[in-house]
Structure formats: structure tokens, C-alpha cells
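Novice: please work out how this folds:
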Amino acid sequence: MTETLVPRTLPGTVRSHATHWIDGRWRFNCSTDTVEVTDPATGSPLATVPAGTPADAEAAVDAAKLAFPSWSALPLDERLRYLERLSELLEQHADTMADLVTAETGMPRMLTRHVQYPYAAESLRSYIELARSHQWEERIGHSVVRREAAGVVACLTPWNAPLALIMQKVPAALAAGCAVVLKPSELAPLNAYLLAELTAEAGFPPGVFNLVCGTGPVVGEALAAHPDVAVVSLTGSLRAGQRVSELAARRAAKVGLELGGKSASIVLSDADLDHAVTSTVDQAMFNSGQVCFAWSRLLVPAARYDEAVTLAARTASALPVGTPWNPATRVGPVIHSQARDRIIGMIDEATRQGAKVVCGGTAPDEPGEGSFVSPTVLADVRPDMRVATEEVFGPVLAVLSYEDEDDAVRIADATDYGLSGAVWSTDIDHATAVAGRLRTGRVDINGAPFNMRAPFGGYKSSGNGRELGTWGLDAFCETKAIQYPPAAGPEPGIRIRSGTGAQHES
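Specialist: Numbering: from 1, shown residues only. Sure thing, here's the model as predicted:
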């Protein structure tokens with residue numbers, strides 16, 4: 001294989017690719033079609049990757065199917081040694097990986113190196129540690145219950161935090177004993193190519209990890225519909241999740257979906273308003289608002305509404321917007337011009353419906369040709385407005401007022417989503433009680449730090465299933481119960497070999 005080096009004026013180099021990683025080798029695409037990867041900060045071409053075909057997807061699944069029996073039969077410790085080596089290599093290439101993610105997504109380099117990369121690396125390390133202590137097998141009455149590798153897994157990942165979200169899925173599937181076919185977003189696939197190179201250097205057996213690039217309607221759907229794919233794990237849009245579910249349901253395949261959110265940050269009457277509002281703005285604007293768990297709605301008591309709006313506008317206006325390669329930048333471009341136009345369109349629609357732009361609302365002048373949107377705060381937002389119920393996926397915060405806590409919970413839950421959220425109060429018990437009423441998968445109390453070992457996933461249209469922690473491992477397992485006659489079953493203390501190759505006390 002020959003890869004083309006594309007000279008860059010930005011740090012590092014970016015490679016165009018003409019191949020997929022299948023069965024332990026680089027394999028040319030089954031067609032000559034390509035996909036152009038664009039630099040969001042400039043709008044200029046960055047690289048090209050192959051536009052995969054259903055035949056490429058089938059070849060990758062075939063390779064994974066052949067690799068699965070021997071990989072799943074390896075003792076757990078041996079599988080984890082491959083992952084440990086991958087962890088070491090990922091650390092060695094941290095700067096290069098951060099450069100690639102910044103170049104293809106526009107996420108500020110400070111964030112890719114000091115937030116996204118550490119998140120991805122810690123996700124990998126966490127799965128390694130948890131796999132060693134996970135209860136792969138347990139004795140329940142006269143049965144032995146095993147968690148066994150499900151089979152071939154298709155991981156369909158998005159562009160917004162590509163490395164982090166790949167590492168929420170792939171290491172867990174590999175640790176569980178599954179063979180993987182990864183289809184990254186065609187908008188940000190370059191980091192996945194480096195990951196494939198690192199799996200090769202780590203010595204993973206052929207077919208255990210495969211990479212096929214291409215679009216969702218072609219490669220993604222081919223993988224979701226393939227009869228030999230046991231699990232489809234997708235992070236993406238609601239529309240993509242619905243389509244994948246439809247295809248997988250035809251053969252009753254297991255599906256895990258994380259499909260976005262419209263999360264509310266609820267400031268209770270006794271909260272530290274300054275801390276709650278500034279923290280909410282910072283979180284809502286992270287990665288230009290292009291994160292599924294963004295607190296894109298700020299709910300405050302009516303009596304403190306004007307003060308909260310002023311604080312939010314002051315905080316958002318102070319966030320530096322610019323090229324992602326500037327260390328001072330906190331808000332870079334959105335992924336492409338169509339996204340920028342859609343975001344501006346939703347802001348304009350909200351103002352026509354009576355909302356007020358208190359800061360931002362337009363594309364800033366200074367960054368130039370890229371797809372930028374100024375950090376935006378909208379006041380006078382009603383709960384029935386589209387900007388309050390649908391995912392904007394941009395740097396836009398809607399500020400809403402509520403009359404009492406029942407009203408706050410009602411507004412927070414008045415969307416089709418339920419992924420994340422926040423509650424702020426000086427009384428932890430009080431905040432916890434309110435958090436318990438919300439129909440959402442994760443709630444942060446007073447800005448609590450992200451917990452890598454707790455489950456992540458959503459209610460309602462935010463998807464189904466969970467990633468991270470032991471829940472992330474179980475997502476790629478099937479459960480088997482082996483029944484024994486009570487008098488003839490294995491006695492407590494007898495060692496039973498599990499389907500993962502590990503041994504555990506019954």
C-alpha cells in the first residue's frame with residue numbers, strides 16, 4: 001500500500017488513504033470512489049478516504065467471523081495484554097492523534113490533547129482494569145450463569161468526538177472476546193486509520209480488528225443488515241439509530257444506541273447562581289456545542305431569571321473563538337458549512353417565535369472562511385419552541401424560567417430525549433431528590449466530574465443500552481445459564497471455565 005502525504009501548514013501531517021484495514025492487511029477499496037475530508041476551520045480539502053462498498057463491509061465481516069472463535073477462546077489475560085500494548089502505543093502517539101482530531105473536526109487543539117485524548121486513553125485503561133474483576137461467571141442456585149462474547153460486532157461511530165467514542169466501544173468489545181468491524185464517520189476518519197496502524201503494531205491477530213471507511217447509508221447499513229453481525233453499536237443521530245434498528249430487527253440482532261440529547265441544567269433556588277450558570281455555559285459550549293450530553297437548556301427560577309441571563313451572556317461572550325490551533329481558543333468551528341447554516345437557521349427561527357439573542361447568534365467575522373458560529377445565548381425561550389426541544393448541536397444555550405420545582409421537572413422532561421442533565425443546589429439531598437425525578441440517563445450534581453466507570457446512555461429517543469463501566473462490557477456479551485440437577489451440580493468452590501477463557505470461583 002502507498003499512502004499519499006499531504007503537506008500541511010498546520011502542525012503535523014495528514015495522510016490521504018486508499019485502503020481499508022481488513023484481515024490484518026491494507027486492502028484497496030472495491031470501487032475507485034472517494035470521500036473528501038474537509039478542514040472545518042478553513043473549508044478547504046484536507047484528505048481523501050475510500051468510499052467503501054457493501055462488498056468491503058462483507059469482506060470485513062468475513063474476516064471478523066473467521067477470527068472470532070480463536071480470539072474469544074483466548075484466556076482473558078492474553079486478550080488484555082494486546083489491549084495493554086495498544087494503550088502504550090496510544091500514549092506514544094498522543095500528540096499525533098490530537099493533531100489528527102483537531103484537523104478533521106475543528107475541535108481546539110487544547111481540547112483534543114487535554115480532554116478528548118485523555119478521555120479515550122482512560123476509557124481503554126478502564127475497560128482493561130474492569131475486565132479483570134468483572135463477574136464473567138456466577139453461581140445462582142443450581143445454575144452457572146456465564147457472560148460470553150456475542151460474536152462479530154459492528155461499531156458505527158460519529159465525527160464530533162471520534163477517538164473518544166471509538167474507545168467507548170472497541171476496547172470493551174475486544175476485551176469481551178468479540179471481533180470488531182469499525183466504521184468511523186466519513187467526516188472524521190483519519191484518527192481511526194492511525195488506530196488501525198496501532199492495532200497492527202500491537203500484534204492483534206488478523207481479523208480481530210477491522211476498519212472500513214464509507215458513508216452510513218452504504219457501509220453502515222450493510223453492516224447493520226449483515227446476518228453474521230451479532231451486535232451493532234451506534235453513536236449518532238436519531239434517524240441513523242432508527243434505520244440501524246430497522247435493519248437489525250429483521251434478524252433480531254442486538255443493538256446498542258446512543259442518539260443524542262437535549263439536556264437541562266436545573267438551577268434550584270438555593271444554588272450558587274454564579275457557579276451554576278458559568279459552569280453550564282462552559283459545558284454547553286464545549287466543542288462548539290457539538291456533544292450529545294451538552295447542557296443546552298438552562299432552567300432558572302423566575303425570580304432570578306434576569307440575573308442568570310446576564311451572567312450567561314457575559315460568560316459566553318468572553319469565550320475566545322478562533323482557529324483550533326491557537327492555544328487560547330475555546331470555541332472552534334462547527335463541522336461544516338451546512339451545520340453552520342442549520343444552527344443559524346434554528347436561532348433565526350427562535351427569534352421569529354419571540355426568543356431574544358442576548359449574545360452571539362451569527363457567524364463571527366474574525367475566523368475567516370471556516371464554519372464558525374459565535375457562542376449564543378437565547379433568552380425568553382418557551383418550552384414549546386424547537387430550540388428548546390430539539391438538538392441544535394451547536395454553541396447555543398437556551399435560557400428558560402420556571403415557577404417551582406414541579407414546573408422545572410416538567411420542562412426538563414418535555415423533550416423526546418433523555419441523555420444527561422444537571423442539578424445545582426447547596427443542599428445535596430435536595431438536589432438528589434430532584435435528579436431522581438428526571439427521565440434521563442445521567443445527572444451531575446453541582447458540576448460533578450465525569451465518572452468513567454458509571455454507565456452512560458439515555459432514556460427515550462436518546463437510545464438504549466449503556467456504555468462505560470461493566471455495563472459497557474456486558475453490551476457485547478450474551479448470557480448463558482447452565483442448569484445442573486441440584487444433587488449433581490458443581491459444589492461451591494469448584495472452578496468453572498467461562499466462555500471468556502478466564503477461570504472464576506463458582
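Novice: pull out the buried positions in the helix of greatest length in the chain.
Specialist: For the chain, the longest helix by residue count, based on DSSP state H, is helix 54-73. Using 16 or more other CB atoms under 10 Å as the test for burial, helix 54-73 gives 54, 56-65, 67-68, 71-72. From N, CA and C alone the C-beta is placed, and that goes for glycine too.
Novice: tell me where the stretch 401-506 of the chain is predicted with low confidence.
Specialist: For the stretch 401-506 of the chain, applying pLDDT under 70 flags the ranges 488-506.
Novice: what about the strands in it?
Specialist: 417-418, 421-424, 444-445, 459-460, 463-464, 477-483, 495-497, 503-505 (DSSP state E, counting those that start in this stretch).
Novice: from the chain's centre, how far out is the longest one? Work that out for me.
Specialist: For strand 477-483, the gap between its own C-alpha mean and the chain's C-alpha mean amounts to 29 Å (CA atoms, centre = their mean, to the nearest Å).
Novice: direction included, what does that strand pair against?
Specialist: For strand 477-483, the pairing partners within the sheet under DSSP bridges are strand 143-149 (antiparallel).
Novice: list the strands paired with the helix or strand just after the strand it pairs with, with their directions.
Specialist: Next in sequence after strand 143-149, counting helices and strands by DSSP states H and E, comes strand 152-156. The strands beside strand 152-156 in its sheet (DSSP bridges) come out as strand 179-183 (parallel), strand 229-235 (parallel).
Novice: so which of those is the most packed in?
Specialist: A comparison of the strands paired with strand 152-156 by mean neighbour count, using mean count of other CB atoms under 10 Å, puts strand 179-183 on top with a mean of 29.
Novice: send me it as CSV with only the CA atoms.
Specialist: The C-alpha coordinates for strand 179-183 follow below in CSV (Å, rounded to 0.1, in the frame of the first residue of the first chain):
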residue,chain,number,x,y,z
ALA,A,179,-14.1,-9.4,16.8
VAL,A,180,-14.8,-5.9,15.6
VAL,A,181,-15.6,-4.1,12.4
LEU,A,182,-15.3,-0.3,12.9
LYS,A,183,-16.9,2.2,10.5
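Novice: how far is that strand from where the chain is centred?
Specialist: Relative to its chain's centre, strand 179-183 lies at 16 Å (CA atoms, centre = their mean).
Novice: stretch 339-357 now?
Specialist: Distance, stretch centre to chain centre, for stretch 339-357: 26 Å (CA atoms, centre = their mean).
Novice: repeat that for stretch 106-117.
Specialist: Put simply, stretch 106-117 sits 15 Å off its chain's centre (CA atoms, centre = their mean).
Novice: that one: end-to-end distance?
Specialist: With CA to CA, to the nearest Å as the measure, stretch 106-117 spans 15 Å from end to end.
Novice: same check on stretch 455-472?
Specialist: From its first residue to its last, stretch 455-472 covers 7 Å (CA to CA).
Novice: quick one: contacts of that stretch?
Specialist: Contacts to stretch 455-472, defined as CB atoms under 8 Å, 6 or more residues apart in numbering, come from residues 123, 126-127, 130, 134, 168-169, 172, 233, 238, 241, 255-261, 292, 416-420, 439-442, 452-454, 475.
Novice: buried ones in stretch 296-316, by neighbour count?
Specialist: By neighbour count on 16+ other CB under 10 Å, the buried set for stretch 296-316 is 296-301, 304-305, 308-309, 311-313, 315-316.
Novice: hmm, I typed the wrong one, I wanted stretch 420-438.
Specialist: For stretch 420-438, burial by neighbour count (16+ other CB under 10 Å) applies to 420, 421, 422, 423, 424, 425, 430, 431, 434, 435, 437, 438.
Novice: grab the nearest non-local neighbour of the fourth one.
Specialist: So that's residue 423. Leaving aside its sequence neighbours, residue 423 sits nearest to residue 431 (CB to CB, 6 or more residues apart in numbering; 4.4 Å).
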